[in-house]
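# What would the 3D arrangement of this be:
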Amino acid sequence: MTPSWDDLRIFLTLAREGTLTTAAKALGVSHPTVARRVAVLEQQIGARLFERLPDRFVPTSAGEELLGDTESMERAALSIDRRSVGLTDTVRGVVRLSAGEAMSALVARHLPALQKQLAEIEFELVASHTLANLSRREADLLIREQVPDLADIIARKLGRVAYAVYAAPALAVPRLSPAAMKQVPWVTFDDDHAYMPGRRWLLERLEGVRPAVRGNNWLVLHEAARAGAGFAVLPCYLGDPDAGLRRVGGVIAEVFADQWLLVHRDLRALPRVRAVMDAVIDLFHRERPVLEGRG
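Take a look at the predicted model:
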């Protein structure tokens, strides 16, 4: 009897996750279902596929052999899924757009205009640091600051984001001297987010002085700065339109981030995806002065 794809998919997920609990969560099924379907698959194949260790499941040599073939099947199934959605020729349906939290806030600010322009599109806007997997259709479109080195991803540059120092009006001053920068409170990212724009620039100038508040999210830093917790380096498109903040000094020339629109090549011609891509490209063109701190 030929194993079913559903059972092979459960086997593949358990091999990746390592435990019944995490595999069940990833698949959206119960713990016993995973164990039962793996047992059925082992009976059909006539070989033990996993070593049952105390803390995890590890593929046996037979399991390793099956894993390679199952991964090939998964790639084919995902390709069929992506290509099948392109058979429609209508500009309607759901489009899932993933971006960082600050960029998601910018897109959300313009959702009424996008909805009016694309009346038959349902928007799903996902704010996340994590790079969604376009091959698995975790998102249809991504806006990111880096282009992943993946052959199936098409990238279009949207523009460049500028950054500046902002503070609540009660704290704001025309400019901060190098000495004054070390004497005022700062709000910035924590050590786990050392890669975020502006953090290295700021810490180099503080020369060992610890920022008063540290967080992991642009919107948290934004709100903390608005509340008067300290000065913050923020994207100009967040800081400039906010009446609760004042810019301190000019745009920081050394701090910027290019923005890229990413799509899987199998989806780029899908009418609803193409329509949202064109609308996002147009939005960034219109908002260029705001993004570059000239708005």
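
# What segments of the stretch 101-250 of the chain are helices?
101-109, 111-117, 178-181, 199-206, 218-226, 236-239 (DSSP state H, counting those that start in this stretch).

# So for the fourth one, mean pLDDT?
The predicted model gives helix 199-206 an average pLDDT of 96.

# Kindly report the same for the fifth one.
Rounded to a whole number, the mean pLDDT of helix 218-226 is 96.

# rewinding a little: same list, the helices of the stretch 101-250 of the chain, but as JSON lines with mean neighbour count and distance to residue 280 please.
Using the backbone N, CA and C atoms, a C-beta is placed for each residue, glycine as well. JSON lines is the format used below for the helices of the stretch 101-250 of the chain (neighbours: other CB atoms under 10 Å; distance: least, CB to CB, whole Å):
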{"stretch": "helix 101-109", "mean neighbour count": "18", "distance to residue 280": "8"}
{"stretch": "helix 111-117", "mean neighbour count": "13", "distance to residue 280": "8"}
{"stretch": "helix 178-181", "mean neighbour count": "11", "distance to residue 280": "36"}
{"stretch": "helix 199-206", "mean neighbour count": "15", "distance to residue 280": "27"}
{"stretch": "helix 218-226", "mean neighbour count": "21", "distance to residue 280": "19"}
{"stretch": "helix 236-239", "mean neighbour count": "23", "distance to residue 280": "14"}
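
# May I see those helices arranged in a markdown table, with distance to residue 128 as well?
As requested, the helices of the stretch 101-250 of the chain are exported to a markdown table (distance: least, CB to CB, whole Å):
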| stretch | distance to residue 128 |
| --- | --- |
| helix 101-109 | 8 |
| helix 111-117 | 17 |
| helix 178-181 | 32 |
| helix 199-206 | 19 |
| helix 218-226 | 12 |
| helix 236-239 | 17 |
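
# so which of those helices comes closest to residue 294?
The closest of the helices of the stretch 101-250 of the chain to residue 294 is helix 236-239. By CB to CB, the value is 8.3 Å.

# Tell me the strands beside the strand of greatest length in the chain, with direction?
Using DSSP state E, we find that the single longest strand of the chain is strand 153-167. Paired neighbours of strand 153-167 in the sheet (DSSP bridges): strand 231-235 (antiparallel), strand 246-248 (antiparallel), strand 256-264 (antiparallel).

# State the mean pLDDT of it.
In the prediction, strand 153-167 has an average pLDDT of 95.

# May I see the buried residues of it?
153, 158, 159, 161, 162, 163, 164, 165, 166, 167 (16 or more other CB atoms under 10 Å).

# before we move on, back to that, mind checking which of the helices of the stretch 101-250 of the chain is nearest residue 63?
Closest to residue 63 of these, according to CB to CB: helix 101-109, at 39.3 Å.

# pLDDT weak spots in the stretch 101-250 of the chain?
The model of the stretch 101-250 of the chain has pLDDT under 70 over residues 135.

# Please identify the most buried of the strands paired with strand 153-167.
strand 231-235 (a mean of 27; mean count of other CB atoms under 10 Å).

# start to end distance for stretch 282-295?
17 Å (CA to CA, to the nearest Å).

# got it, and stretch 174-184?
By CA to CA, the extent of stretch 174-184 from end to end equals 14 Å.

# And stretch 20-34, by the same measure?
First residue to last in stretch 20-34 (CA to CA) measures 7 Å.

# what's the average pLDDT for that stretch?
Here stretch 20-34 scores 89 as its mean pLDDT.
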